[in-house]
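1. pasted the sequence and its predicted model underneath.
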Amino acid sequence: MEITLNHYLAVAATLFVIGLMGVMMRRNLIIIYMSLEMMLQAANLTLVAFSRFNGHLDGQVFVFFVITVAAAEVAVGLALIVALFRLRQTTQVDNLTTLKF
Amino acid sequence: MDQYIAWFLLLAPLAASVTILLRLYSPNGAIFASVGSASLCFLIALGIAWGGIVAPTPWMWISLPGSNESPGLEIEIGMIFDALSKGMLLIVTGVGLLVHIFSIGYMAQDPGRARFFGGLSIFMFSMTGIVVSTNLIEMFFFWEGVGLSSYLLIGFWFTKESAAAAANKAFVCNRLADFGFMIGILTYWILMGTVSVKPIDLSNSYHQNAVSLPRVVSILTPEEIAAHTGTAISVRHIGGVNLTSPLLLTIMVLGLFGGCVGKSAMFPFHVWLPDAMEGPTPVSALIHAATMVAAGVYMLCRVYPLLLLSTFGLEFIACIGCFTAIFAALIAVQQNDIKRILAYSTLSQLGYMVMAVGCGGPDAAMFHLTTHAFFKALLFLAAGSVIHALHEEQDIWKMGGLDKKIPLTYWTFLLGMLALIGCPPFSGFFSKDYILADAHAFHPAFYWVGVATAFLTAFYMTRLVVVAFLGSARSKAAEHPHESPLVMTIPLIILAVLSVGSGLWGFWSSDSGMKNFYHNWAINLFSDTDPIPNNGHFITVPEINTGIELGIPFAAVFFGALLSYYLYLDRTTDPLHIRLLARKFYVDELYQRRLVRGQQLLAGLLNWIDAWILDGLILRGGAYISVGFGEVFRLFQTGSLQTYAFIFTLGGVLLIYFTLFAH
């Protein structure tokens, strides 16, 4: 079977939905964070796929930048989570309700 | 090099005060620095008077060019050495040095004596500054400087509530009066186009204004003057303000006098001076008797020609001085605190000086200022010696019988008292009678009030001496007093010699002294055909009349002293009870009720506006609006991260749906 663009897009969509479900269903910040990253990689995958099938490299170059920025973002995000854990001794989002009315 | 020496007059005490207040010395080191700087000042003052030290090149501080619309402004920091300032400088530094020396003994036991000497040095710096100032702005700085040092030294024992309150009172009174002084300076600048008080500049200013002025400048407008004299008047205008307006000139004179009213404690600002006696006695002697309070009189004498531009102003000055003289003398009759009696006597004598200026006798005023500085400093220092001997006892009714036990203090005090009441041939006799003769030439009413004041002065000073020194001891402390150490008695002796001799010296040298100075000034002023104000005299030239000069005042003094002597000898309580006088004419109570309460009412109103309008409505109101919005928006926060994520995703999906499929 020839692998077409749609296969890639289907995989990407699946990844995205799994990530989205993770973000919406799970209660642990770390897991939510990992799910977010998964959604990001789904988007990256579509970019690379389109780049491959359209025959020029713009998308792939763009993905490099996205990954770089994502790495920085991960560092910041994890640092925030560590700081939060130190403050509250928890990473369960149900317990972080200070702003709740 | 010569021209730089004079700067040390200011720099030495300034350096001493700054280093002392930065606590660079031990207490004894501070005393050394302060007394050293005072000695240096005195040496320089001697050098200026007789040693040929010349005024330094002034330093131009601010220089703005003038135009047709506005006068230029030139403010320099310089020094002026003429007969007026030389004499005053000798008094300030000489009496200052003696008081410094006296303080070494008087303050020896006080743990805060370094601070005390630092304050004295600030005072020496500021006071010499006032004396040598070449312009009113420079003078105003130093003027405030003496106010500061006065405040610091009145409140020297600041843990005592009355001392702290007295310091505040003095400062507030002076600030209020200085507002008038500022108005006076500004008006002076507008009218004269300069702030300089150098004699040459004053003469020019005088001419500029006198050209358009008639002999009587009190209440006439230029049009009326023109109609009256038949000569056209060149009216100068700046910014629509008529510069030859008699009203403005009167405002200027009264404004400048306002500064004098505060510093020299004329009625109605006299209330701070008696309270200032809360300070250490050497401070009362130096600042609140001999020099600082005379600064107002000195300032009037310095700008004297310009006072002549407003006859009303001059008469007003004479009236206030005359009233203060008799008013304070009456109060002094019923006071029991040795320092307060002397304080009211100071008020009374300052009233004499101001009256002399108003009567056209600045030379007499300066003469009396000089002699008064000597004998009043002497009286205060001797009183300090008494207080020291009796362990801080100030009530004269708890003294008595001191004449045998502390004879040196007694005799010096007696000499000072004789000089003060104007007993011939002591110094006060010459200067007071000079003033009285001037007053008589001006208007006999002033003369008779002056004579009455002389009578009262003799009365209350004799009472003070008889009650405090004669008779028998009336308290434990008075039974065993101890004579003060030499460092305190030597200044007393020197001042006693000056108190006795300065009058005679001034009398003999009157041709070459202050009179000559004003005479030369007058010749310069009226060299052309300008009208001469004040009934044709620049200074009053009293007619020689021995009855007026000698007889009546002397009789008043003699009978005042005699009456008092027989009334008070060997008494244990005061035979006179005049409530009105003992309570100082209820002026303090009146101020408390009318002014202080009114001021508190205003303060309360402003406080209400501040608390409710500014704070409540504007500041907190704004805060409440933000808080209110916050409360509303808070409702959207469920606290569940997943809900946010869901809403976010929903939004994203809707966005994609509308962009891709909704066409």
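-> All right, it came through fine.
2. how close does B:Tyr352 get to B:Arg583?
-> 24 Å (C-beta to C-beta, to the nearest Å). All C-beta atoms are positioned from the backbone trio N, CA, C, and that covers glycine.
3. neighbour count for these two, which is higher?
-> B:Tyr352 (29 against 13; other C-beta atoms under 10 Å in any protein chain shown).
4. residues contacting that one?
-> By C-beta atoms under 8 Å, 6 or more residues apart in numbering or on different chains, the contact set of B:Tyr352 is B:Gly321, B:Ala325, B:His368, B:Lys432, B:Ile435, B:Gly450, B:Thr453.
5. filter these by proximity to chain A?
-> Among the contacts of B:Tyr352, no residue is within reach of chain A (C-beta under 8 Å from any C-beta of the partner chain).
6. among the residues you listed, find me the one that's closest to chain A.
-> B:Gly321 (75.7 Å; C-beta to the nearest C-beta).
7. now do the contacts for the closest one.
-> B:Met266, B:Leu350, B:Gly351, B:Tyr352, B:Met353, B:Val354, B:Met355, B:Ala356, B:Val357, B:Gly358.
8. how about it, secondary structure?
-> Following DSSP: H, G, I helix; E, B strand; the rest coil, B:Gly321 is assigned to helix.
9. per-residue pLDDT of it, please?
-> At B:Gly321, the pLDDT value in this model is 93.
10. ditto for B:Tyr644
-> For B:Tyr644, the model assigns a pLDDT of 81.
11. which elements pack onto the biggest helix by length in chain B?
-> Counting residues, the longest helix in chain B under DSSP state H turns out to be helix B:161-192. Applying 3 or more C-beta pairs under 8 Å, 6 or more residues apart in numbering or on different chains; DSSP states H and E, one finds that helix B:161-192 contacts helix B:136-154, helix B:199-210, helix B:246-263, helix B:272-275.
12. I'd like to know which of these lies nearest to chain A.
-> helix B:136-154 (53.4 Å).
13. now the angle between helix B:246-263 and that closest one, please.
-> Angle between the axes of helix B:136-154 and helix B:246-263 is 30 degrees (criterion: axes from the mean of the first three to the mean of the last three C-alpha atoms, to 10 degrees).
14. where does pLDDT dip in the chain?
-> All of this is about chain A. Applying pLDDT under 70 to chain A flags residues A:99-101.
15. to clarify, I was referring to chain B.
-> B:1-2, B:66-71, B:203-245, B:507-550, B:639, B:663.
16. returning to that earlier point: so how far is the longest helix of chain B from its chain's centroid?
-> Centre-to-centre, helix B:161-192 and its host chain are 10 Å apart (C-alpha atoms, centre = their mean, to the nearest Å).
17. one more: stretch B:407-418?
-> Computed by C-alpha atoms, centre = their mean, the chain-centroid distance of stretch B:407-418 equals 27 Å.
18. send the alpha carbons of it over as CSV?
-> What follows is stretch B:407-418, C-alpha atoms only, in CSV (Å, rounded to 0.1, in the frame of the first residue of the first chain):
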residue,chain,number,x,y,z
PRO,B,407,29.4,89.0,95.5
LEU,B,408,31.0,89.0,92.0
THR,B,409,27.8,87.9,90.3
TYR,B,410,25.9,90.4,92.4
TRP,B,411,28.1,93.4,91.6
THR,B,412,28.2,92.7,87.9
PHE,B,413,24.5,92.2,87.8
LEU,B,414,24.0,95.5,89.6
LEU,B,415,26.2,97.3,87.1
GLY,B,416,24.2,95.7,84.3
MET,B,417,21.0,96.7,85.9
LEU,B,418,22.1,100.3,86.4
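19. buried ones in it?
-> Of the residues in stretch B:407-418, B:Leu408, B:Thr409, B:Tyr410, B:Trp411, B:Thr412, B:Phe413, B:Leu414, B:Leu415, B:Gly416, B:Met417, B:Leu418 count as buried by neighbour count, 16 or more other C-beta atoms under 10 Å in any protein chain shown.
20. and the helices and strands packed on helix B:161-192 as JSON lines, adding mean neighbour count and distance to B:Phe648?
-> Below are the helices and strands packed on helix B:161-192 laid out as JSON lines (neighbours: other C-beta atoms under 10 Å in any protein chain shown; distance: least, C-beta to C-beta, whole Å):
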{"stretch": "helix B:136-154", "mean neighbour count": "22", "distance to B:Phe648": "67"}
{"stretch": "helix B:199-210", "mean neighbour count": "18", "distance to B:Phe648": "82"}
{"stretch": "helix B:246-263", "mean neighbour count": "24", "distance to B:Phe648": "74"}
{"stretch": "helix B:272-275", "mean neighbour count": "24", "distance to B:Phe648": "74"}
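21. redo those as CSV? Include distance to A:Ile67.
-> CSV is the format used below for the helices and strands packed on helix B:161-192 (distance: least, C-beta to C-beta, whole Å):
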stretch, distance to A:Ile67
helix B:136-154, 71
helix B:199-210, 84
helix B:246-263, 80
helix B:272-275, 82
